[in-house]
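> sequence first, predicted model second:
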Amino acid sequence: MQTSVIGYPRIGVNRELKFASERYFRGEGSKEQLLQEAARLRLTHWQVQKQHGITYIPSNDFSLYDGVLDTACLLNIIPARYRDLGLDSLETYYAMARGYQGKRGDVKALAMKKWYNTNYHYLVPELEEGVEIRLAGTKPFDEFLEAKQQGIRTKPVLPGAFTMLKLIKYSGGKQAADYAADMAEVYKEILARFEALGAEWVQFDEPELVRDLTAEEIELLCDLYGKILSAKGRVKVLLQTYFGDVRDVYQALLGLPCDGIGLDFVEGAENINLIHQYGWAQDKILFAGIVSGKNIWRNRYRESLDLIAELNRWVPHEQMVLSTSCSLLHVPYTVRHEQQLGEEVCRHLAFAEEKLAELTELAGLAAGLKEIEDAAELPEAYVRNEALFAEGNRAAPNPAVRAKTASLTAADFVRLPAASERAEIQRARFKLPLLPTTTIGSFPQTAEVRKNRTAYRKGRISEEQYRRFNQEKIAACIALQEELGLDVLVHGEYERNDMVEYFGECLDGFLFTEQGWVQSYGTRCVKPPIIWGDVSRARPITVEYAVYAKGLTNKPVKGMLTGPVTILNWSFPREDLPASEMAYQIALAIREEVLDLEAHGIEIIQIDEAALREKLPLRRSDWHCEYLDWAIPAFRLVHSGVKPETQIHTHMCYSEFADILQEIEAMDADVISFEASRSDLALIDVLQETGFQTAVGPGVYDIHSPRIPGVDELKEAILRMAEKLPAEKLWVNPDCGLKTRNEAEVRGSLQHMVQAAREVRKLLIADEHRRDALV
Ligand SMILES: CN1c2c(nc(N)[nH]c2=O)NC[C@@H]1CNc1ccc(C(=O)N[C@@H](CCC(=O)N[C@@H](CCC(=O)N[C@@H](CCC(=O)O)C(=O)O)C(=O)O)C(=O)O)cc1
Ligand SMILES: N[C@@H](CCS)C(=O)O
Ligand SMILES: [Zn+2]
């Protein structure tokens, strides 16, 4: 049986692409050096897949920043404000990705959004009226040729036309359907070019097909592909779906003149039922996504072979290719470099490279499926795999933890008194000014901050030296915030490598990797911890630094924690427990930390739920039973035990919140900060329309861009907020933590933010007085 990989990680085992890009951004490395490193990585990735015997190796899955942005540029979808900078194509690309502030102008970056239900973020293409969709680049063709020159005939991969049309933000009056004909023309041209270059297969990624689709959307899909495939020559087209099932379009897909359909059997359990119900098409190859592209656990061959056997009832062997369930972008490179985890753990793990081996091994076993059923002696690979799973529970259950989650009652999820009553108590306690200013938690994770951590980890400095350094940073951070005049301060999170990995390291039940990097956006990566056993808190985690920071100022200092849903969503979860049980275990551990902070005099505690929206099922019909019914209670469980006067904040980033505002309100926090700036503060309209009650801080500027927002721009943002929402419920803050920025950028931006808040505050108070005088 043949094998296919949907996409491969690209940042580099040692994050080489990140470092080369950031050197280039700082002006320390040339464009040639960056492009050379990129080419080296592409070759390495193709070679490793070839060595593992993968039949269909992807190309154009590589990106210097983001694949959707690459495709927007390829299709000429570049807003005028970036074109007008008059930069070369690479610099224009980075201006769209990161914003630009320099001699040629001052423009914000494109909006950034979560890539479906993952922790990867893509740049939202923006199509202005009058911009012609046309083929305006050669990247996919260049990379195909680059691989071909190395003797590897790849399967080029691009986001499909339907998905692109759905992801684009239309800034004129037109809509997706208005561009269908132009889009189809370009995709036809792309196919013709690949045909001429000698490609056998081209993969169009269509994850939009796993969402709920209307009749018009299905019509748009059929219309698009009817056109794109109408003049197709020999080159074969694979419509690749992932992250769910295609229940709304399965029959329509069978009717399209494509050559292959990729279905996800890991996250799309319903896909097998669709095949049962409607059969398969004789003219199509099934790319069966059976090896998970999201988890880091070994594939259980027996179950996969059972699934293949089941599929074989409708799809003959020769019409089936074994595939990953989605791109391997979402898992780390390889277990080989993990020195600390130990063999007894590592043998259960499969990162990208190990998944390549699994694909090939499984394909070999699947080819002899009949023999496995009949054989007296089972193949060695099969026996080895079964033995691994026969080891049983990897970590024994922790009876104390299980007893706690089992004895939870409804009252444990309710904070008293009601939010409105708490708001009064807290107003009297904190006496904060109108439009209080604060930040989201982290301050710059500079090279020296990381060096300090690395030095401590490697035993080059003592624990005391390590802590002293962090204390000095905290003291400087508090001094800076006082100097800038912020109202609610933070300690800066200098002790944390990452808001989730850090808690993973401090809680029992988690494992963490040394090299398990996964790209989150652009050059930024995370190392998700692994949930291995039952989770509990062995000792206080954040109290010491929080108390230290509080002792340095008379202003309130927010304690800073990561919430259970985010810790769970940004970790690699175990698969032998329901998500709700894992979430409640983590919630109980973080609850202990909340109560400890409160007991040590921390009056405001922020519990970040940055990832709350991320794992919301892609289909609305699945939202409650599968997710929100435990995710919201898990958050409530964390803070329900605090006193009325303790102010609980939460923070969420990079999501579309409009459709779950009711549930967000039900989290019952006292204050919520949202990402809003990069989506043009559109959220505040929805907050207004829905009469959102919780106090909010819709981020007033985008922290992911190095540009420093001007005072006027910030005033305008705050005024827009104050026009729509009651000023006494508004907070002023950046849209996320400041860890990715440098100190000069932070100082400049916060200075402007505080000044803008003060000026708007004055205006509002003057307005109020004027109104009072009139009355
Ligand atoms: C809010 N976001 C987060 C998401 N997911 C998370 N798990 N965490 C998040 O905060 N998803 C949505 C957004 C995404 N945003 C970001 C923002 C920034 C980063 C980021 O900066 N990542 C860092 C890596 C962070 C880290 O773990 N650093 C470690 C390791 C540092 C290191 O490289 N050490 C070197 C030596 C360095 C030296 O000596 O100078 C080494 O050990 O070899 C640490 O600080 O200890 C990044 O660099 O990409 C991610 C997501
Ligand atoms: N407190 C975290 C939240 C990021 S989503 C930070 O400031 O980095
Ligand atoms: Zn955030």
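Looks like it came in fine. Numbers count the residues shown, from 1 in each chain. Ligands and ions are numbered 1, 2, ... in the order given.

> what about stretch 733-750, near ligand 2?
Yes - interface with ligand 2: stretch 733-750 contributes 736-737, 739 (CB under 6 Å from any ligand atom). (Each C-beta comes from the backbone N, C-alpha and C, glycine too.)

> shaky segments in the stretch 351-500 of the chain?
Where the stretch 351-500 of the chain drops to pLDDT under 70, the residues are 370-376, 393.

> so who does the closest residue to ligand 2 within the stretch 201-350 of the chain touch?
The minimum distance from the stretch 201-350 of the chain to ligand 2, using CB to the nearest ligand atom, falls at residue 330 (18.6 Å). Neighbouring residues of residue 330 by CB atoms under 8 Å, 6 or more residues apart in numbering: 118-120, 293-294, 518.

> so which two of those are the farthest from each other?
Pairwise distances among the contacts of residue 330 were taken by CB to CB; the largest, 13.3 Å, belongs to 119 and 293.

> quick one: which of the two has more around it?
residue 293 (25 against 22; other CB atoms under 10 Å).

> okay, now the domains of the chain?
56-240, 478-774 (automatic domain parsing).

> now the contacts of residue 330 in CSV, with secondary structure and distance to ligand 1?
Compiled in CSV, the contacts of residue 330 are given as follows (DSSP: H, G, I helix; E, B strand; the rest coil; distance: CB to the nearest ligand atom, whole Å):
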residue, secondary structure, distance to ligand 1
118, coil, 10
119, coil, 5
120, coil, 9
293, coil, 18
294, coil, 15
518, strand, 9
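
> quick check: what element follows the lowest-mean-pLDDT helix or strand in the chain along the chain?
The helix or strand of the chain with the poorest confidence is helix 369-374; it has a mean of 65 (mean pLDDT, DSSP states H and E). Next in sequence after helix 369-374, counting helices and strands by DSSP states H and E, comes helix 380-390.

> which helices and strands sit right next to that next one?
Counting by 3 or more CB pairs under 8 Å, 6 or more residues apart in numbering; DSSP states H and E, the packing neighbours recorded for helix 380-390 are helix 301-312, helix 352-367.

> the inter-axis angle of it versus helix 352-367?
Calculated by axes from the mean of the first three to the mean of the last three CA atoms, to 10 degrees, helix 380-390 forms an angle of 120 degrees with helix 352-367.

> which is the succeeding secondary structure element to helix 380-390?
Downstream of helix 380-390, the next assigned helix or strand under DSSP H and E is helix 399-406.

> quick one: residues in contact with that next one.
509, 534-536, 581, 584-585, 588.

> and the residue of this structure nearest ligand 2?
residue 737 (2.0 Å).

> looks like that residue contacts residue 493 (just checking).
Yes - with contact defined as CB atoms under 8 Å, residue 737 reaches residue 493; the gap is 7.0 Å.

> shared neighbours, these two?
What both residue 737 and residue 493 touch, as defined by CB under 8 Å, 6+ apart, is the set 441-442, 499.

> ok, of the residues you listed, which come out buried?
Buried members of the shared contacts of residue 737 and residue 493, scored by 16 or more other CB atoms under 10 Å, are 441-442, 499.

> check the residues you listed against ligand 2, which are close?
Filtering those for proximity to ligand 2 by CB under 6 Å from any ligand atom leaves 441-442, 499.

> rewinding a little: ligand 1: which of the contacts of helix 399-406 is nearest?
Proximity of those to ligand 1 (CB to the nearest ligand atom) peaks at residue 535, which lies at 16.6 Å.
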